[in-house]
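Trainee: task: produce atomic coordinates for the following.
(chains A and B)
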Amino acid sequence: MAEPVTATVPAAPVARPGRLRWNGALIAGTLLLVVTGVVVTIASLTMLESAEGLSPDVAQPASAAHWLGTDDFGRDLLARALVGAQASLLMALAATAISMTAGVLIGTAIWTAPRRIREFALRIVEITVSYPELLVAVVLAAILGAGRWQLVLAVALANIPATARLAANLSGAIHQRDFVTTARLTGVPRRALIGRHLLPNMAEPLLIQLAASFSTGLVAMSALSFVGLGVQTPDYDLGRLLADALPAIYSRPLEVVGPTLLILLLSIGAMLVGDGLAAAADPRVTRRAPSTPRPPVTTRPAREQDSSASPATVEVRDLVVRRADGTPLVHGVSFDIGRGEILGVVGESGSGKSLTALSLSRLLPEGLTAEASRLRIAGTDLLGRPTRRELADAVAMIYQDPGTTFNPALRMGSQLTEVLRVHRGKSPREAREIITGLLEDVHIVDPPRLLRSHPYELSGGMRQRAMIAAALAARPSLLIADEPTTALDVTVAAGILRELARIRDETDTATLFISHDLGVVEELCDRVLVMKDGVIVEELSREQLRSGEVTEPYTRMLLESVPRLSATPGVGA
Amino acid sequence: MTAEGLAVEDLTVRFGRGARATTALDGVSVTVPAGHTVGLVGESGSGKSTLAKAILGIVPAESGRVLLDGTDVSGLGRHERRAFLRRVQLIPQDPYSSLNPRRTIAQTLAEALDPAWARVRGHTDAITSALEEVALPADAAQRYPHEFSGGQRQRIAIARALITRPEVVIADEITSALDVSVQAEVLRLLARLRRELDLTMLFISHNLAVVEQVSDEVVVLRHGHVVEAGTAGDVFTAPASGYTRALLAAVPGRREEGAPLT
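Mentor: Model (predicted):
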């Protein structure tokens, strides 16, 4: 690895991405493994004589001198268990090392190979994975014959396919990333591509796999030795010791305690480490989620009793969205949307515009909570507990990416009529008729054909039109459109904007239109809120925005950042 | 005639085989003269990114030629091909996927200079000046990608492409993943680099206004065909093709003539 630039390196360690976050399971597992490992190693250095030397103290029960008693040859059973555990430990480590190295090499090499070889190798790996590991190990051990190294090899080979498949899947995903493409184009050699770009980005899942294959390997080897396919007398490991203890289980039951306990300690330790690593690799586990998705909202008394006469469809007062740790992301936002009005909310990433919209549809991501002194949509109080049906009547949403809003496995017909069938209790035929009319309204040429299609057969623009039709089917009071044109081509986007304007003109649905694109907002919205860092910094009418009458420096900066066509056809440059 | 710069002649790219084959590029010719920036505009599926990939050899061309300074690059051997890939650099679209999260910026930049070993030592000066060029402080070198914003990451990607002093830069939608204010900042940076380094650039974007801002010449692509090509002024003020006119008309929020930004 290249060294960091010298001289100016700060004394404090640089925060690395994905730094190990210690957790309970990881600490317990590591402690268990380390303590057992140390005890076993010390024992194998100091207690070898009492474990293997014959003595006159034959078949003794537990005593101060022999904690677990002795066997028929006068050997101390505790010493034997500990020394045997060292053999098992080393064998499991060797098998894990072999299977991980081979598996990772195969898995990553597959992705640097030409396509035909890759496809072939991936199929082979998938086929081998389908055989149970223990079964493969039994067969291999039987073929290779009994003995320590044969056992290690059998278990290692049996474990390779699982690791190889994991490594192949992981490196396949990393191969899609641009930095790998750039590195290949630059001429980075294959070994460096693997060492520099693939392996470091697969570290966490592979560490988890490492812990798991150690644990399963240890158990598998003990099992094989126990049934006589592994280590043979006079050598011994934990499985062999168990097998030796079995004939005398009624006369000397204490003899099985040592090996059993050690197998348990080592495998549980490894399992805990694996679990702990998995948890540490997943940032969501360490973040504490609130017990209820939405705790009681602040019951500040409404400041003015103007609700009865209010013409506004949507009323939002003092909306605060917080993270689980209490950090506010939206700081007390208040606004109204009138009947048949399109309110635009613009802002850059992180401005809180989407969170504001999601609080209205009660779809905030897990871990976020919303509070407000008033949150109403056309008579539905969102601060109470609106039923799903009330919510469906009040709000409908159009999302940014029409490619992921529909279930690819279902035909459009069943997805588009769902709201009508489930919430409105319409018969399938009625629902179909209503939706056909709505699809015609949004200028879909052949609605019956669209209803028969699967989402992938439609273009992005058609899917977005269908989405709008479905949103309107429930006759919502509020339509939330979250960046509905961002993923679309300009010519298609222009059509969608015309539809939204038509909806405003023909129905009295209020629209909350979220966008980062001032050009789009300027064209469509009646009123615009500019948000920055969770605060509304400015409210503008469309005319003010068009003529550039803005007072906030931030809004001005945004306006000036929008690249605009300076030349217009027919006007002259 | 051996034109300086990059030229694509009659390039055809097809995906798939037999009846299910789709033609991504159909006899496309584009010339990027040395020192010029050519904007490549088109909607999704027009083949703009495929053209970039075909130039770099990521997707195979069925017919046609790619010429760098008059030399056909298709028949190059291993070494010459590698040299070609150093002379033509790609800046990818997504700044979150174009930098390896486990490597410092210095290591990433060093790899562009020294693909085999990526040793930072010995390239410190080049790295510092590359970062300076894109207006990032020298201490950015020891940091990791996650410590930077999207705009800063895109600057790093630009620095990475420019550090080898390429003759041609292919910028594939490099501002589409950015906020408008950050996009403006990156465009200003590009404008400065074009002046200072006399860049030869193929600038691919779906955003007409962005293309107008950075390009000398513009090529409009639709369904794998070039529908219009010419100087930026001509294409935007007097578009010859109906499709270009439709594209221009669809751009939202065009400011009325002379409306002041007070």
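Trainee: can you give me the strands in chain B?
Mentor: Using DSSP state E, the strands of chain B run over residues B:5-15, B:22-33, B:37-41, B:63-68, B:71-72, B:88-91, B:168-172, B:201-205, B:217-222, B:225-231.
Trainee: test my guess that residue A:50 contacts residue A:77.
Mentor: No: assessed by C-beta atoms under 8 Å, residue A:50 is found out of contact with residue A:77, at 9.8 Å. C-beta here means a position set from N, CA and C on the backbone, and glycine is covered the same way.
Trainee: higher neighbour count, those two?
Mentor: Neighbours per residue (other C-beta atoms under 10 Å in any protein chain shown) separate residue A:50 from residue A:77, with residue A:77 holding more: 27 against 21.
Trainee: dump the residue contacts of that one.
Mentor: Applying C-beta atoms under 8 Å, 6 or more residues apart in numbering or on different chains to residue A:77 gives the contacts A:66, A:68, A:69, A:70, A:71, A:254, A:255, A:258.
Trainee: can you rerun that using 7 Å?
Mentor: Residue A:77 sits next to A:66, A:68, A:69, A:70, A:71, A:255, A:258 when contact means C-beta atoms under 7 Å, 6 or more residues apart in numbering or on different chains.
Trainee: and the residue nearest to it when sequence neighbours are not counted, how far from chain B?
Mentor: Excluding the flanking residues, the one nearest residue A:77 by C-beta to C-beta, 6 or more residues apart in numbering or on different chains is residue A:68, at 4.0 Å. Using C-beta to the nearest C-beta, to the nearest Å, one gets 48 Å for the distance from residue A:68 to chain B.
Trainee: doesn't residue A:254 make contact with residue A:68?
Mentor: Yes: at 5.4 Å, residue A:68 counts as touching residue A:254 under the criterion of C-beta atoms under 7 Å.
Trainee: give the residues shared as contacts by those two.
Mentor: residue A:62.
Trainee: if you count what's nearby, which of these two comes out ahead?
Mentor: Using other C-beta under 10 Å as the criterion, residue A:68 and residue A:254 rank with residue A:68 on top: 22 against 17.
Trainee: quick one: the helices in the stretch 151-262 of chain B?
Mentor: With DSSP state H, counting those that start in this stretch as the criterion, the stretch 151-262 of chain B has helices at B:180-197, B:208-214, B:232-237, B:242-250.
Trainee: now stretch A:60-80: buried residues?
Mentor: By neighbour count on 16 or more other C-beta atoms under 10 Å in any protein chain shown, the buried set for stretch A:60-80 is A:60, A:66, A:68-71, A:74-80.
Trainee: residues from the stretch 1-150 of chain B in reach of chain A?
Mentor: When proximity is defined as C-beta under 7 Å from any C-beta of the partner chain, the stretch 1-150 of chain B approaches chain A at B:43-44, B:56, B:82, B:85, B:90, B:92, B:94, B:97-104, B:106-107, B:110-112, B:115-116, B:118-121, B:124, B:139, B:141-144, B:146.
Trainee: which ChimeraX command selects the buried ones in those?
Mentor: In ChimeraX, a selection of the buried entries from the residues of the stretch 1-150 of chain B next to chain A looks like this (16+ other C-beta under 10 Å):
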select /B:43,56,85,90,92,94,97,98,99,100,101,102,103,104,106,107,110,111,112,115,118,120,124,141,142,143,144
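Trainee: stretch A:24-36: which residues count as buried?
Mentor: Using 16+ other C-beta under 10 Å as the test for burial, stretch A:24-36 gives A:25, A:26, A:28, A:29, A:30, A:32, A:33, A:36.
Trainee: same deal with stretch B:121-129?
Mentor: B:123, B:124, B:126, B:127, B:128.
Trainee: and that stretch, average pLDDT?
Mentor: Here stretch B:121-129 scores 93 as its mean pLDDT.
Trainee: so where's the stretch 1-150 of chain B uncertain?
Mentor: Residue ranges of the stretch 1-150 of chain B with pLDDT under 70: B:1-3.
Trainee: need the helices for it, in chain order.
Mentor: Taking DSSP H, counting those that start in this stretch as the criterion, the stretch 1-150 of chain B carries its helices at B:48-56, B:78-87, B:105-113, B:124-133, B:150-162.
Trainee: what residues does the last one touch?
Mentor: Okay, so that is helix B:150-162. With C-beta under 7 Å, 6+ apart as the test, helix B:150-162 has contacts from B:89-92, B:95-96, B:98-99, B:105, B:108-109, B:112, B:130-131, B:133-136, B:145, B:148, B:169, B:174, B:177-178, B:182, B:185-186, B:189.
Trainee: do the same with stretch B:192-207
Mentor: The contact list for stretch B:192-207 (C-beta under 7 Å, 6+ apart) reads A:489, A:563, B:5-6, B:32, B:34-43, B:48-49, B:52, B:133, B:167-173, B:211, B:214-215.
Trainee: longest helix anywhere in chain A?
Mentor: Ranked by residue count under DSSP state H, the longest helix found in chain A is helix A:77-112.
Trainee: C-terminal to it, what's the next element?
Mentor: Going down the chain from helix A:77-112, the next helix or strand is helix A:115-129, by DSSP states H and E.
Trainee: got the buried residues for that following helix?
Mentor: A:118, A:121, A:122, A:125, A:128, A:129.
Trainee: nearest residue to the first one in space, please, no chain neighbours.
Mentor: Spelled out, that is residue A:118. Of all residues beyond its chain neighbours, the one nearest residue A:118 is residue A:110 (5.4 Å), with distances taken as C-beta to C-beta, 6+ apart.
Trainee: and if you look at the fifth one?
Mentor: Counting by C-beta to C-beta, 6+ apart, the nearest residue to residue A:128 once its immediate chain neighbours are dropped is residue A:161, at 3.9 Å.
Trainee: and what of the last one?
Mentor: By the measure of C-beta to C-beta, 6+ apart, the closest residue to residue A:129 outside its immediate chain neighbours is residue A:161, 4.6 Å from it.
Trainee: and the pLDDT for that neighbour?
Mentor: What the model reports as pLDDT for residue A:161 is 94.
Trainee: how close does it sit to residue A:150?
Mentor: 19 Å (C-beta to C-beta, to the nearest Å).
Trainee: and the stretch 101-250 of chain A, which residues reach chain B?
Mentor: A:177-179, A:182-183, A:185-189, A:192, A:196-197, A:200-201.
Trainee: state the number of residues packed around residue A:277.
Mentor: Residue A:277 has 26 neighbours, counted by other C-beta under 10 Å.
Trainee: could you say what helices and strands the helix or strand it falls within packs with?
Mentor: For residue A:277, the host element (DSSP H and E) is helix A:257-281. Counting by 3 or more C-beta pairs under 7 Å, 6 or more residues apart in numbering or on different chains; DSSP states H and E, the packing neighbours recorded for helix A:257-281 are helix A:24-46, helix A:77-112, helix A:203-226, helix A:238-245.
Trainee: and chain A, what are its domains?
Mentor: A:34-47+A:72-286, A:312-402+A:477-561 (automatic domain parsing).
Trainee: quick check: mean pLDDT across the shortest one?
Mentor: Put plainly, it is domain A:312-402+A:477-561. Computed over domain A:312-402+A:477-561, the mean pLDDT rounds to 89.
Trainee: from chain A, how far off is the residue nearest the centre of chain B?
Mentor: Nearest to the mean C-alpha position of chain B, by C-alpha atoms, centre = their mean, lies residue B:171 at 1.4 Å. Separation of residue B:171 from chain A (C-beta to the nearest C-beta): 13 Å.
Trainee: okay then, goodbye and thanks.
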